[in-house]
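Student: Any chance you can model this:
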Amino acid sequence: MSPMAKSKAKRGANKKPVAKGKPAAKGKPAAKKPAPKVKAKPVAKAKPAAKGKAAAKKPAPKVKAKPVAKAKPVAKAKPVAKPAPVKPAPVAKATPTKAAPTVAWREQLRAAVEATGPDFAGYLRGLATTSPWEHANTAELAGLEQWGTELAKRDRMAGIGALVRAAQYGFPLAAAAGGIGLEGMGFHASEPSMDGAPVETQIALAAAWLDAPDAKHLAAVAEGNDPSRQLQVWDEDLMPGDDRAHWWYVDLGQCCGHAITRTKGDPKGHSYYEWPPETCVGRGLVVAVRGLREKNADLAAILANVRASLVA
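Tutor: Residues are numbered from 1 along each chain as shown. Modelled structure (predicted):
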């Protein structure tokens, strides 16, 4: 072989190992492939772990909220409001107590009147023996004074009720009989009065007290009374005859008012300023009837009408 051929052969031989060496170069990438596995798919997997921490934190607030919700049972302390219903109970009991006197006196008065029978004048006439008051100048009037006084002793409210009822019945009749002659004389509620309240007002105040016998109405009755009259209608200088009987009513409001405000007294006294309440009632009833006993009037008929007014 010529040197040149040998030289070529050597070159060729040298090239072959180089070509064989290329696979080794190809093997380098294979070595590189595991490297990407290290990059961090594990690191990426580590991120979920962080998410797991956040997720673990979320339930924690929920657990705290539940106890707060359980605290709501504290609202069960509302039973403290239960005392409220207890308060109305005494109020409800007090109402009948206030109304009781009004109902009682009406019933007692009705029973007392019905016990006299249908002939009131006849009953009163048979009742009387002597009269402690000179102005009860007939058997019927003497009996009326006694009946009213005894009723007021037994039941003060019923006795005052009888007097006020009789006054309410008789006042319009007396006012009509007096006509214009009573104007400015302290009779009518619509007119001013210098000596206590007018008669009509005094009677109305007494009636209001009967319906509500409390301190307020008692004070109103007392304020309506004239505390210092020097003369009464039954005094000799003032006492009217039967032709002017309506003038008796000038002192009837005073009898009503003092029957309520007086607590004791002397039945032998001259007027309601001294009498005990039962005497104011008995003699006030006489005044009420005498104020209707016009000339030639039928006393039995007057008493029958008064009786009807007491039970109306």
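
Student: CA only for contacts and neighbour counts going forward, please
Tutor: Noted.

Student: Can you give me the buried ones in the helix or strand where residue 167 lies?
Tutor: Taking DSSP states H and E as the criterion, residue 167 maps to helix 156-178. By 16 or more other Cα atoms under 10 Å, the buried positions in helix 156-178 come out as 156-171, 174-175, 177-178.

Student: looking at it, residue 142 is touching residue 136, isn't it?
Tutor: Yes: if you go by Cα atoms under 8 Å, residue 142 and residue 136 touch, sitting 5.0 Å apart.

Student: between those two, who's got more neighbours?
Tutor: Ranked by neighbour count (other Cα atoms under 10 Å), residue 142 and residue 136 place residue 142 first, with 26 against 23.

Student: which residues touch the more buried one?
Tutor: 124, 125, 128, 129, 130, 131, 133, 136 (Cα atoms under 8 Å, 6 or more residues apart in numbering).

Student: Keep only those of those residues that are in helices.
Tutor: If you go by DSSP state H, the contacts of residue 142 have 124, 125 in helices.

Student: Report the buried members of the contacts of residue 142.
Tutor: Neighbour counting with 16+ other Cα under 10 Å marks 124, 125, 128, 131, 133, 136 as buried within the contacts of residue 142.

Student: Contact partners for residue 170?
Tutor: Residue 170 sits in contact with 288, 289, 291, 292, where contact means Cα under 8 Å, 6+ apart.

Student: what's the most distant pair in the residues you listed?
Tutor: For the contacts of residue 170, the maximum inter-member distance is 6.9 Å, found between 288 and 292 (Cα to Cα).

Student: So for those two, which sits in the more crowded spot?
Tutor: Between residue 288 and residue 292, counting by other Cα under 10 Å, residue 288 is the more crowded of the two (29 against 25).

Student: could I get the helix or strand containing the more buried one in PDB with only the CA atoms?
Tutor: Assessed by DSSP H and E, residue 288 sits inside helix 277-290. C-alpha atoms of helix 277-290 as PDB (Å, rounded to 0.1, in the frame of the first residue of the first chain):
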ATOM      1  CA  PRO A 277    -124.100  64.300 108.600                       C
ATOM      2  CA  GLU A 278    -127.200  62.200 109.300                       C
ATOM      3  CA  THR A 279    -129.100  65.200 110.600                       C
ATOM      4  CA  CYS A 280    -128.200  67.100 107.400                       C
ATOM      5  CA  VAL A 281    -129.700  64.200 105.500                       C
ATOM      6  CA  GLY A 282    -133.000  64.000 107.500                       C
ATOM      7  CA  ARG A 283    -133.700  67.700 107.600                       C
ATOM      8  CA  GLY A 284    -132.400  68.200 104.000                       C
ATOM      9  CA  LEU A 285    -135.100  65.800 102.800                       C
ATOM     10  CA  VAL A 286    -137.700  68.000 104.700                       C
ATOM     11  CA  VAL A 287    -136.300  71.100 102.900                       C
ATOM     12  CA  ALA A 288    -136.500  69.300  99.500                       C
ATOM     13  CA  VAL A 289    -140.200  68.400 100.000                       C
ATOM     14  CA  ARG A 290    -141.200  71.800 101.600                       C
END
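
Student: tilt between the next helix or strand after that helix and helix 156-178?
Tutor: Later in the chain than helix 277-290, the nearest helix or strand by DSSP H and E is helix 299-311. Going by axes from the mean of the first three to the mean of the last three Cα atoms, to 10 degrees, helix 299-311 is angled at 130 degrees with respect to helix 156-178.

Student: tell me the angle of helix 299-311 relative to helix 277-290?
Tutor: Using the same axes, to 10 degrees: helix 299-311 against helix 277-290 is 130 degrees.

Student: So which elements touch helix 299-311?
Tutor: Secondary-structure packing of helix 299-311 (3 or more Cα pairs under 8 Å, 6 or more residues apart in numbering; DSSP states H and E): helix 88-114, helix 120-127, helix 156-178.

Student: I am finished for the moment; much appreciated.
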